[in-house]
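Trainee: Here's my sequence, what's the structure:
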Amino acid sequence: MSTFHVIDDKHVPLYRIMWIAAIPHFCGSPECRHEGDYEIRLEHGESVWANQSERDATLAAMEAWQGELDLDEEELE
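Mentor: Numbers count the residues shown, from 1 in each chain. You can find the predicted model right below:
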C-alpha cells in the first residue's frame, strides 16, 4: 500500500491529511472556483480540492492505510 494518494493530479502523502469535508464547498462568491468541490485539509493550513469520486477514494485510502497500522507484524506476513 502506498502512503501517497492522487488528489486533483497531485500525489498527496496520506499522513499529511488532517480532515476531509463531508459536504461540498459553497460560499456563493461569483469568483469561487471550488463550488461543489470537497476540501481536503492538509497540515500547515494547506488544502487540496477534490470532486466526489476523488473524495470517496481518498476516504477509502485513509481507511485502508489506517487498517494496516492496526495489524501485528505476524498478520502482515
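Trainee: who touches R41 in this structure?
Mentor: With C-beta atoms under 8 Å, 6 or more residues apart in numbering as the criterion, the residues that contact R41 are 17-21, 47. Glycine gets a C-beta too; all of them are placed from N, C-alpha and C.
Trainee: Same check on A21?
Mentor: The neighbours of A21, taking C-beta under 8 Å, 6+ apart as the test, are 38-41, 55.
Trainee: Narrow these to just the buried residues.
Mentor: With burial judged by 16 or more other C-beta atoms under 10 Å, the buried subset of the contacts of A21 is 38-40, 55.
Trainee: In contact with the residue nearest the centre of the chain, which residues are there?
Mentor: Central residue of the chain (C-alpha atoms, centre = their mean): T58, 4.3 Å from the mean position. T58 makes contacts with 5, 7, 17, 20, 40, 50, as judged by C-beta under 8 Å, 6+ apart.
Trainee: Surely it is in a helix?
Mentor: Yes: secondary structure of T58, determined by DSSP: H, G, I helix; E, B strand; the rest coil: located in a helix.
Trainee: so how far is S29 from it?
Mentor: Applying C-beta to C-beta, to the nearest Å, the value for T58 to S29 is 25 Å.
Trainee: What of H11?
Mentor: Spatial separation of H11 from S29 under the definition C-beta to C-beta is 29 Å.
Trainee: same check, this time on I20
Mentor: Taking C-beta to C-beta, one finds I20 at 22 Å from S29.
Trainee: any idea which of the contacts of R41 has the most stuff around it?
Mentor: Top of those by neighbour number is I17, holding 20 neighbours under the definition other C-beta atoms under 10 Å.
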